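# The amino acid sequence is not available; the structure is as follows:
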């Protein structure tokens, strides 16, 4: 019965993620009820996985609050939508530190790639054809994507092992990497605005894809 309940919870989360990603791709919006449903299902997920009230559930709440606060800053400077931030906060209730870090790195990679594609597409639309691509605009995203690909190829397993054995140092590394990527994206968006290109990246798509990839593996092994 426990495995059936876990499967049902994961299925519900998967369906909500797919729905949120599709909605964000279509309208650049994620309904509040979807984010609320994901957040409200999290305590059932904790209970089904046998997490203790202290410290396991407390850690989940603290990590989720931290993640939400960090991405509220991204929302404040106009780099991420409110629905995306709420979705990240809700998902942080589900994922322990190591899978959460993996999801955030994957989200940055996928989101950067989406932004790169959308900047190029918007440039072509404005110019009426494939003339010149805005290399000064898309270069920062391209470098960020290339850097993350290099990280994934050269040391992804070591990186995850570091996060598992030394969460503090791993977390600092992730924050530094995401800050560098964020700085590149801010630079890109400013250049895009100056050039009349303002892509609205559907980060809900990147969040949904990255979380579904992470959920392929059991995520609460560290508590068992």
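Happy to help now that I have it. What you see is a predicted model, and the numbers here were worked out from it, not measured in a lab.
# Helices of this structure, start to end?
Taking DSSP state H to define them, one finds helices in the chain at 2-27, 32-48, 58-76, 82-92, 97-127, 135-165, 167-194, 203-214.
# among those, which gets the worst mean confidence?
With a mean of 59, helix 135-165 has the lowest mean pLDDT of the helices of the chain.
# Is residue 81 in contact with residue 203, as I believe?
Yes. If you go by C-beta atoms under 8 Å, residue 81 and residue 203 touch, sitting 6.8 Å apart. Backbone N, C-alpha and C define where each C-beta goes, glycine included.
# shared neighbours, the two?
Here residue 81 and residue 203 have residue 24 as joint contacts, going by C-beta atoms under 8 Å, 6 or more residues apart in numbering.
# Which one's more surrounded, the two?
residue 203 (28 against 20; other C-beta atoms under 10 Å).
# got the contact list for that one?
Contacts for residue 203 (C-beta under 8 Å, 6+ apart) come out as 24, 80-81, 84, 107, 111, 114.
# how close does it get to residue 21?
10 Å (C-beta to C-beta, to the nearest Å).
# Could you do residue 118 as well?
15 Å.
# Could you report the neighbour count for residue 56?
17.
# just checking, it touches residue 43?
No. Counting by C-beta under 8 Å, residue 56 does not reach residue 43; the two are 11.7 Å apart.
# Please report phi then psi for residue 81.
Here is the backbone geometry of residue 81 (degrees, to the nearest 10): phi -80, psi 160.
# Determine how far the last residue of stretch 52-62 lies from the first.
With C-alpha to C-alpha, to the nearest Å applied, stretch 52-62 spans 14 Å between its terminal residues.
# ok, and what's touching that stretch?
Under the criterion C-beta under 8 Å, 6+ apart, residues 42-43, 46, 51, 92-93, 96-97, 223 lie in contact with stretch 52-62.
# repeat for stretch 27-42
Applying C-beta under 8 Å, 6+ apart, the contact partners of stretch 27-42 are 9, 12-13, 16-17, 19-20, 23-24, 60, 81, 83-84, 86-87, 89-91, 93-94, 200, 202, 204.
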